[in-house]
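Chemist: Quick one: sequence plus predicted model below, questions after.
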Amino acid sequence: MTAQRARLLGWLGLGLTLVCIPLTVLMLSQHLRAFLPGAAIWSTVVAFIGAVAFSLVGALIVSQHPRHAIGWIFTLSGLATAGAVVLAAYAELALAPGWSLPAASFADSVAHVLIQSGIFLPLTLGLLLFPDGRLLSRVWGLAAAAAVLGLVVRLIADAVATPSNAFDFGDIGVLLTVASAIAGLASLAVRWRRAGQLLRQQLKWMAAAAAAVVLAFVGDIAVNIWNHNLLSNDAEFLVFTLTYTLVPIAAGAAILRYGLYSIDFIINRALVYIALTAILAGLYTGFTATLQHLFVALTGQSSEAAIVITVALIATLFTPVRNALQRLVDSRFKDARDLERLMQALESEVGAVIDVMDGERLAERLVRTAQEGADATGAALFLDGDSDGQPTYVSGTWIDDAVLVIPLRAGGQEIGRIALGPRRHGAPYAPRERERLQQAADVVAVGLTLVRRRQPVEALAH
């Protein structure tokens with residue numbers, strides 16, 4: 001699949017998810033056979049919030065990494081959940097007095113399959129694959145199989161009628177689902193222990209959501225064992241939709257605050273301009289209605305001047321409102337000015353001076369920083385004068401498998417090159433990352449050139 005087609009499908013999934021909302025509202029606003037319980041209404045609202053969040057985050061990931069498993073799981077989860085709610089509303093409307101809609105039973109069955117898949121696969125398989133879209137090892141494939149098998153077993157058990165005193169086959173599926181969710185939390189813990197500082201910050205958000213998922217699963221089992229009738233189906237579903245919604249929110253926070261998948265800039269601007277649009281639309285509606293009432297009270301008739309005045313006011317407020325929102329988003333999703341960060345900045349500045357004075361240390365730091373920052377399996381630096389194929393400095397596991405090569409240029413001359421191997425999570429290097437690495441490589445090249453020029457001078461002085 002081409003990158004353009006993947007982006008198109010990702011955003012199409014978001015669009016279809018959004019379309020499901022007014023369709024559901026339209027059907028549920030009709031005269032149904034009975035009033036919907038409050039828990040059912042809230043479950044529907046929360047399910048749509050989670051579905052839109054999943055679809056949005058999934059579309060953003062797919063737009064940057066077309067083959068990323070997490071992006072597609074998120075996208076399909078949001079679409080499946082939203083589609084399930086629409087079909088459930090259709091089945092409910094088909095039973096209402098005065099309505100005769102075809103295939104209502106079939107729609108209800110499909111809705112059940114979609115809601116089970118859309119909600120529970122991200123809470124199990126999604127946690128196992130986060131954040132790189134790959135399992136930690138083949139052993140973790142057992143947990144992934146348990147996630148899928150648990151879903152299938154529960155669906156089969158729901159479809160097959162069993163006597164009330166018989167063993168509930170669906171309990172096996174529940175246990176498999178719970179086991180896979182716990183394995184997903186354990187997988188995130190293992191990734192966190194192996195990760196660098198930045199990846200740990202990214203993982204902690206999803207780990208918190210995973211802990212809530214496991215708590216919901218285990219708590220639901222405990223409550224049902226203690227008192228099977230304590231929670232209604234609607235209340236139980238509400239608990240899981242709330243847990244479901246936490247996962248894309250956690251992923252969005254990791255993306256926005258710590259640059260996961262390199263789409264933090266897009267989400268930052270999306271938050272700002274979505275909020276800006278909502279605020280300005282509200283101001284336009286409010287001011288227009290108020291001024292129209294004022295003109296009617298004073299002159300006895302409405303006036304187009306109300307619209308002109310409101311548009312001028314909105315144009316005046318656009319920039320200050322946008323800037324205020326940008327500061328608010330930045331303050332919530334950027335690191336605060338704390339002692340640890342300031343001390344790290346000071347250490348970095350002092351280290352930079354020392355690096356420029358010591359060419360060997362500067363070269364080593366370039367390789368190590370590039371390898372760790374890109375989460376590459378390995379990196380190597382080749383300087384002019386080295387024998388072919390023999391790197392001057394190496395970081396990580398280097399087996400001559402360069403995926404990205406950046407030249408070191410100073411004064412119009414190329415004095416070497418830095419090569420990066422494939423990334424551990426399999427994602428390609430983004431154009432912005434290539435440009436940023438090239439800028440750093442050119443600065444380091446100037447530093448290495450200055451060191452080389454200083455060494456002969458110092459030798460003569462001695």
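Modeler: Cool, the structure landed.
Chemist: how about the helices of the stretch 1-150 of the chain, start to end?
Modeler: Here the stretch 1-150 of the chain has its helices, by DSSP state H, counting those that start in this stretch, at 3-28, 38-64, 69-94, 104-129, 141-159.
Chemist: which stretch among the ones you listed comes nearest residue 416?
Modeler: When those are compared for distance to residue 416 using Cβ to Cβ, the nearest one is helix 38-64, at 30.0 Å. For glycine as for every other residue, the C-beta is placed from the backbone atoms N, C-alpha and C.
Chemist: Distance to residue 410, mean pLDDT and mean neighbour count added to the helices of the stretch 1-150 of the chain, as TSV?
Modeler: Supplementary listing: the helices of the stretch 1-150 of the chain in TSV, determined by distance: least, Cβ to Cβ, whole Å; pLDDT from 0 to 100; neighbours: other Cβ atoms under 10 Å:
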stretch	distance to residue 410	mean pLDDT	mean neighbour count
helix 3-28	34	88	16
helix 38-64	32	85	22
helix 69-94	39	90	24
helix 104-129	43	88	21
helix 141-159	49	88	17
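Chemist: would CSV of the ones you listed with distance to residue 416 be doable?
Modeler: CSV is the format used below for the helices of the stretch 1-150 of the chain (distance: least, Cβ to Cβ, whole Å):
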stretch, distance to residue 416
helix 3-28, 32
helix 38-64, 30
helix 69-94, 36
helix 104-129, 38
helix 141-159, 42
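Chemist: Ok, which of the ones you listed comes nearest residue 367?
Modeler: Of all the helices of the stretch 1-150 of the chain, it is helix 38-64 that lies closest to residue 367, at 25.8 Å by Cβ to Cβ.
Chemist: Report the angle between the closest one and helix 104-129.
Modeler: 60 degrees (axes from the mean of the first three to the mean of the last three Cα atoms, to 10 degrees).
Chemist: Next, the angle from helix 38-64 to helix 69-94.
Modeler: Taking the same axes, to 10 degrees, one finds helix 38-64 and helix 69-94 inclined to each other by 150 degrees.
Chemist: domain assignment for the chain?
Modeler: The domain map for the chain lists 3-262, 270-333, 355-461, with the assignment taken from automatic domain parsing.
Chemist: least reliable of those domains going by mean pLDDT?
Modeler: Considering the domains of the chain one by one, the lowest average pLDDT is found for domain 270-333, at a mean of 64.
Chemist: of all the domains of the chain, which gets the most neighbours per residue?
Modeler: By mean neighbour count, with neighbours taken as mean count of other Cβ atoms under 10 Å, domain 3-262 ranks first of these at a mean of 18.
Chemist: For residue 219, give its distance to residue 239.
Modeler: Separation of residue 219 from residue 239 (Cβ to Cβ, to the nearest Å) stands at 8 Å.
Chemist: among the helices of the stretch 1-150 of the chain, which is nearest residue 211?
Modeler: Shortest separation from residue 211 across the helices of the stretch 1-150 of the chain is recorded for helix 104-129, at 10.4 Å, computed as Cβ to Cβ.
Chemist: Can you spell out which helices and strands pack onto the closest one?
Modeler: Secondary structure elements in contact with helix 104-129, counted by 3 or more Cβ pairs under 8 Å, 6 or more residues apart in numbering; DSSP states H and E, are helix 38-64, helix 69-94, helix 141-159, helix 170-194, helix 197-226, helix 233-258.
Chemist: contacting residues for residue 180?
Modeler: Residues counted as contacts of residue 180 (Cβ atoms under 8 Å, 6 or more residues apart in numbering) are 124, 125, 128, 143, 144, 146, 147, 150.
Chemist: The fifth one and residue 368: what is the separation?
Modeler: I take that to be residue 144. 34 Å.
Chemist: Is it correct that residue 414 falls within a helix?
Modeler: No. Counting by DSSP: H, G, I helix; E, B strand; the rest coil, residue 414 falls outside a helix, being strand.
Chemist: returning to that earlier point: show me the two of the contacts of residue 180 that sit farthest apart.
Modeler: Every pair of the contacts of residue 180 checked by Cβ to Cβ; the farthest is 128 and 150, at 12.6 Å.
Chemist: can you give me the strands for the stretch 301-450 of the chain?
Modeler: Counting by DSSP state E, counting those that start in this stretch, the stretch 301-450 of the chain has strands at residues 378-383, 393-396, 404-410, 413-420.
Chemist: In space, what's closest to residue 122 - neighbours in sequence excluded?
Modeler: Spatial nearest neighbour of residue 122, chain neighbours left out: residue 77 (4.6 Å); criterion: Cβ to Cβ, 6 or more residues apart in numbering.
Chemist: let me redo that: residue 182
Modeler: For residue 182, the spatially nearest residue (Cβ to Cβ, 6+ apart) is residue 214, at 5.6 Å.
Chemist: Tell me which residues are up against stretch 237-254.
Modeler: Residues outside stretch 237-254 that contact it (Cβ under 8 Å, 6+ apart) are 39, 42-43, 46-47, 49-50, 53-54, 56-58, 70, 74, 78, 81, 119-120, 122-123, 126-127, 130-131, 201-203, 205-206, 208-209, 212-213, 216, 219-220, 231, 260, 267, 333.
Chemist: again, only using 6 Å
Modeler: Contacts made with stretch 237-254 from outside it, assessed by Cβ atoms under 6 Å, 6 or more residues apart in numbering, are listed as 39, 42-43, 46-47, 49-50, 53-54, 57, 119, 122, 202, 205-206, 209, 212-213, 216, 260.
Chemist: measure residue 132 to residue 69 for me?
Modeler: Using Cβ to Cβ, which is the criterion applied here, residue 132 is 9 Å from residue 69.
Chemist: surely residue 133 meets residue 68?
Modeler: Yes. If you go by Cβ atoms under 6 Å, residue 133 and residue 68 touch, sitting 4.9 Å apart.
Chemist: if we can go back for a sec, I'd assumed residue 124 was in contact with the residue nearest to residue 122.
Modeler: No. Under the contact definition of Cβ under 6 Å, residue 77 does not touch residue 124, with a separation of 11.4 Å.
Chemist: ok, back up a step: for the residue nearest to residue 122, what are its contacts?
Modeler: Under the criterion of Cβ under 6 Å, 6+ apart, the contact list for residue 77 reads 54, 118, 122.
Chemist: could you measure it against residue 429, distance?
Modeler: When distance is defined by Cβ to Cβ, residue 77 is 27 Å away from residue 429.
Chemist: just residue 17 next, same as before
Modeler: Taking Cβ to Cβ, one finds residue 17 at 30 Å from residue 429.
Chemist: Can you tell me how far residue 238 is from residue 41?
Modeler: 10 Å.
Chemist: Could you do residue 119 as well?
Modeler: 18 Å.
Chemist: Send me stretch 22-29 as PDB with only the CA atoms.
Modeler: The C-alpha coordinates for stretch 22-29 follow below in PDB (Å, rounded to 0.1, in the frame of the first residue of the first chain):
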ATOM      1  CA  PRO A  22     -25.300  12.500  13.900                       C
ATOM      2  CA  LEU A  23     -26.800   9.300  12.500                       C
ATOM      3  CA  THR A  24     -26.900   7.800  16.000                       C
ATOM      4  CA  VAL A  25     -28.300  11.000  17.500                       C
ATOM      5  CA  LEU A  26     -31.000  11.100  14.800                       C
ATOM      6  CA  MET A  27     -32.100   7.500  15.500                       C
ATOM      7  CA  LEU A  28     -32.100   7.700  19.300                       C
ATOM      8  CA  SER A  29     -34.000  11.000  19.200                       C
END
